[in-house]
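A.B. asks: My questions are about this predicted structure, shown below with the sequence.
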Amino acid sequence: MPSIIRVSGLTKTYDSGFTALQNIDLEIHRGEIFALLGPNGAGKTTLISIICGISSPSEGTVLADGFDIVKDYRAARSKIGLVPQELCSDAFENVWSAVSFSRGLFGKPANPEFIEKLLRQLSLWDKKDAQMRELSGGMKRRVMIAKALSHEPDILFLDEPTAGVDVELRKDMWQMVRELREQGVTIILTTHYIEEAEEMADRIGVIRKGKILLVEEKQALMDKLGSKLLSIRLQQPVSEVPEALAEFSLQLAEDGDTLCYRYDSRQESDSIARLLRKLTEQGLEIRDLHSSESSLEQIFVSLVHEKEQ
Amino acid sequence: MNLYAIRAIYKFEMARTFRTLMQSIASPVLSTSLYFIVFGTAIGSRMGNIEGISYGAFIIPGLVMLSLLSESISNASFGIFFPKFSGTIYEVLSAPVSSMEIVIGYVGAAATKSVTLGLLILLTAQLFVDYHIQHPVWMLAFLILTAVTFSLFGFIIGIWADDFQKLQVIPLMVITPLTFLGGAFYSISMLPEPWQTLTLFNPVVYLISGFRWAFYGVADVNVAVSLGMTMVFLLICLTVVWWIFRTGYRIRT
């Protein structure tokens, strides 16, 4: 797949000597939703700031749709929209002029029809004459998204888009991001909510202490690192796990009527069959079976933990 | 050239002025009018003419300069300081605009405001004091040149300042004293030595002197020197702004 953003050898060292990013290589595919995951202070915002032109890189290059973000900054930046993490706005400006301002700033002629469409899409139309200070946090966030989309960018950066946003609005936001992707916009979002990455992303990059630990298709990442949990509900509760089943390291739960088996879905495919056979041999009758994948959260925690050692 | 961006910044800044019309236009016009009433009409009638000009008329160019300098600085410094303070500067920094376009937008709007203000003060002065303008084109030229130069200076202060106090300290502690001591209320020829020579180190002397020449054809220093000094200050400000954008000083980390 062709890359829309290509980061090569990017390093950022601040004047204080702090290195926020170390030799980052990253490719973002055209049309995908890419989630950049990492704990606070990992360098997510710094990476975005550099790509968008707010910070200058110390070393390395970034191409946005083929344009160098330093040498060809006009062409590169006009492709990009940014919704920063912090909600900041000019308190006394109204929504309509704030969004129109952004469009002009990005070098596009006024287009009231487009702005109207955008505001309607983001459920902001009836607030178009409201001053920014009158809006709730969630509404302000939408205005910032409208500002970022006002110049019809091909690439949208969402830095922690759902930080401090209630559940309902978060779901709306996810829906909106999917719609944008359908319109062909490439979306890069940073988050430390695993749920968010799991829900939306096509690919996931994990960043920690200024280094990209891995970049993987979400599904592949989950398959690769994911263990599965098989819950076996028994007809009759047992007081302890029979000795004969020791090799499976089962856990007993739910008042003795459920056995939990954690297994690696990548390895030896016959373990479940063997387990079930042994259960029958022991005279244990099965009432119900349920299997679940481990969440990205578990993957993430184990990954970050693993690299720390 | 991203003309849409320049227009967007300019319009945004002008809209800010219109939202705060009382503060940005009405109050400086009122406070300058008070000078005209006190010094021009009330006390001025008891004072002798200076170089053949009535005292009330003599102080007009200086008073216009006083407002022009302080308003140019405060408009331009606030215009760029506030986005930095509130965080909205991210948008300008991530936009496909050159530093020159940013400066034209912000400084252009600030200068437009102070030129408008200067002209309004001149119109208001007409109510209290009888005066004429000998060289209207030069008057306008000095007005615009000074407004642009000091708006640039204000822009620099706005970038340098990282708190509200720093934003105020230069206009209040440096510009106001220099203007009062720069011949706004007197001709420097009235000063005894060594003050007369020392005053020549005050750059505001040249601004006021040149501006007064445009009104009445009399000046403390040669008008060409005034013009030259104004241009020098303009060039210094342009150089500093160029350096700021080149190094990203206090704007781009």
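C.D. replies: All right, it came through fine.

A.B. asks: For chain B, give me its nearest residue in the stretch 1-150 of chain A.
C.D. replies: Closest residue of the stretch 1-150 of chain A to chain B, C-beta to the nearest C-beta: A:Gly104 (3.0 Å). Where you see a C-beta, it was placed from the backbone N, CA and C, and this is true even at glycine.

A.B. asks: Thought B:Ala5 was touching that residue, still the case?
C.D. replies: Yes. The pair A:Gly104 / B:Ala5 is scored as a contact, 6.2 Å apart, by C-beta atoms under 8 Å.

A.B. asks: Now name the helix or strand holding A:Val123.
C.D. replies: Quick fix: residue A:123 is Ser, not Val. If you go by DSSP states H and E, A:Ser123 is not part of any helix or strand.

A.B. asks: Which residues of the stretch 151-253 of chain B lie near chain A?
C.D. replies: Residues of the stretch 151-253 of chain B lying near chain A by C-beta under 8 Å from any C-beta of the partner chain: B:Gly248, B:Arg252, B:Thr253.

A.B. asks: What's the local residue count around the closest residue to the second one other than its chain neighbours?
C.D. replies: Nearest non-adjacent residue to B:Arg252, counting by C-beta to C-beta, 6 or more residues apart in numbering or on different chains: A:Ser56, 5.7 Å away. By the other C-beta atoms under 10 Å in any protein chain shown criterion, the neighbourhood of A:Ser56 contains 14 residues.

A.B. asks: Now do A:Ser56 against B:Gly105, distance only.
C.D. replies: From A:Ser56 across to B:Gly105, the span is 22 Å (C-beta to C-beta, to the nearest Å).

A.B. asks: Chain B: helices as residue ranges?
C.D. replies: B:3-19, B:21, B:27-35, B:55-58, B:60-86, B:89-94, B:99-128, B:136-160, B:164-170, B:176-180, B:195-198, B:203-216, B:223-247 (DSSP state H).

A.B. asks: One more: the stretch 151-300 of chain A?
C.D. replies: A:167-182, A:194-200, A:218-225, A:271-281, A:296-308 (DSSP state H, counting those that start in this stretch).

A.B. asks: So which of those is nearest chain B?
C.D. replies: Comparing the helices of the stretch 151-300 of chain A by C-beta to the nearest C-beta, helix A:167-182 comes nearest, at 18.2 Å.

A.B. asks: what's that closest one packed up against?
C.D. replies: strand A:33-37, helix A:137-149, strand A:186-191, helix A:194-200 (3 or more C-beta pairs under 8 Å, 6 or more residues apart in numbering or on different chains; DSSP states H and E).

A.B. asks: and these, which is most packed in?
C.D. replies: strand A:33-37 (a mean of 27; mean count of other C-beta atoms under 10 Å in any protein chain shown).

A.B. asks: I'd like the distance between the residue in the stretch 151-253 of chain B positioned nearest to chain A and B:Val240.
C.D. replies: For the stretch 151-253 of chain B, the residue closest to chain A is B:Thr253, as judged by C-beta to the nearest C-beta, at 4.8 Å. For B:Thr253, the distance to B:Val240 equals 20 Å [C-beta to C-beta].

A.B. asks: tell me, what residue is most central in chain B?
C.D. replies: Nearest to the mean C-alpha position of chain B, by C-alpha atoms, centre = their mean, lies B:Leu69 at 2.4 Å.

A.B. asks: excluding its backbone neighbours, what's nearest whichever residue of the stretch 51-200 of chain B sits closest to chain A?
C.D. replies: Residue nearest to chain A within the stretch 51-200 of chain B: B:Gly87 (3.4 Å; C-beta to the nearest C-beta). Leaving aside its chain neighbours, B:Gly87 sits nearest to A:Cys88 (3.4 Å; criterion: C-beta to C-beta, 6+ apart).

A.B. asks: what helix or strand does the one you found sit in?
C.D. replies: Counting by DSSP H and E, A:Cys88 is part of no helix or strand.

A.B. asks: residues contacting it?
C.D. replies: B:Ser86, B:Gly87, B:Thr88, B:Tyr90 (C-beta atoms under 8 Å, 6 or more residues apart in numbering or on different chains).

A.B. asks: Would you agree the second one is in contact with A:Glu86?
C.D. replies: Yes. Under the criterion of C-beta under 8 Å, B:Gly87 lies in contact with A:Glu86, with a separation of 5.3 Å.

A.B. asks: returning to that earlier point: most packed of the helices of the stretch 151-300 of chain A?
C.D. replies: It is helix A:194-200: most buried of these by mean count of other C-beta under 10 Å, with a mean of 20.

A.B. asks: packing partners for it?
C.D. replies: Checked by 3+ C-beta pairs under 8 Å, 6+ apart, helix A:194-200 has strand A:33-37, helix A:167-182, strand A:186-191, helix A:296-308 packed alongside it.

A.B. asks: Just the CA atoms of that helix, as CSV, please.
C.D. replies: Backbone C-alpha positions of helix A:194-200 (Å, rounded to 0.1, in the frame of the first residue of the first chain) are rendered in CSV as follows:
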residue,chain,number,x,y,z
ILE,A,194,-6.5,0.9,24.5
GLU,A,195,-10.2,0.5,23.9
GLU,A,196,-10.1,3.3,21.5
ALA,A,197,-7.3,1.8,19.4
GLU,A,198,-8.9,-1.6,19.5
GLU,A,199,-12.3,-0.1,18.4
MET,A,200,-11.1,1.9,15.5
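
A.B. asks: Could I get the average pLDDT for that helix?
C.D. replies: Mean pLDDT, computed over helix A:194-200, is 81.

A.B. asks: re the thing from before, when you filter the residues of the stretch 151-253 of chain B next to chain A down to buried only, what's left?
C.D. replies: B:Arg252 (16 or more other C-beta atoms under 10 Å in any protein chain shown).

A.B. asks: follow-up on the earlier one: and the residue of the stretch 51-200 of chain B closest to chain A, what does it touch?
C.D. replies: Applying C-beta under 8 Å, 6+ apart, the residues contacting B:Gly87 are A:Pro84, A:Glu86, A:Cys88.

A.B. asks: tell me the contacts of residue 211?
C.D. replies: Reading this off chain A. With C-beta under 8 Å, 6+ apart, A:Lys211 has these contacts: A:Gln22, A:Asn23, A:Ile24, A:Gly43.

A.B. asks: I was thinking of chain B, sorry if that wasn't clear
C.D. replies: By C-beta under 8 Å, 6+ apart, the contact set of B:Phe211 is B:Pro61, B:Gly62, B:Val64, B:Met65, B:Met139, B:Phe142, B:Leu143, B:Thr146, B:Ser226.

A.B. asks: Return the per-residue confidence for it.
C.D. replies: Looking at B:Phe211, its pLDDT is 95.

A.B. asks: Kindly report the same for A:Arg266.
C.D. replies: 64.

A.B. asks: Figure out which of the helices and strands packed on helix A:194-200 is closest to A:Met139.
C.D. replies: A:Met139 lies closest to helix A:167-182 among those, at 9.2 Å (C-beta to C-beta).

A.B. asks: Fine by me, thanks again.
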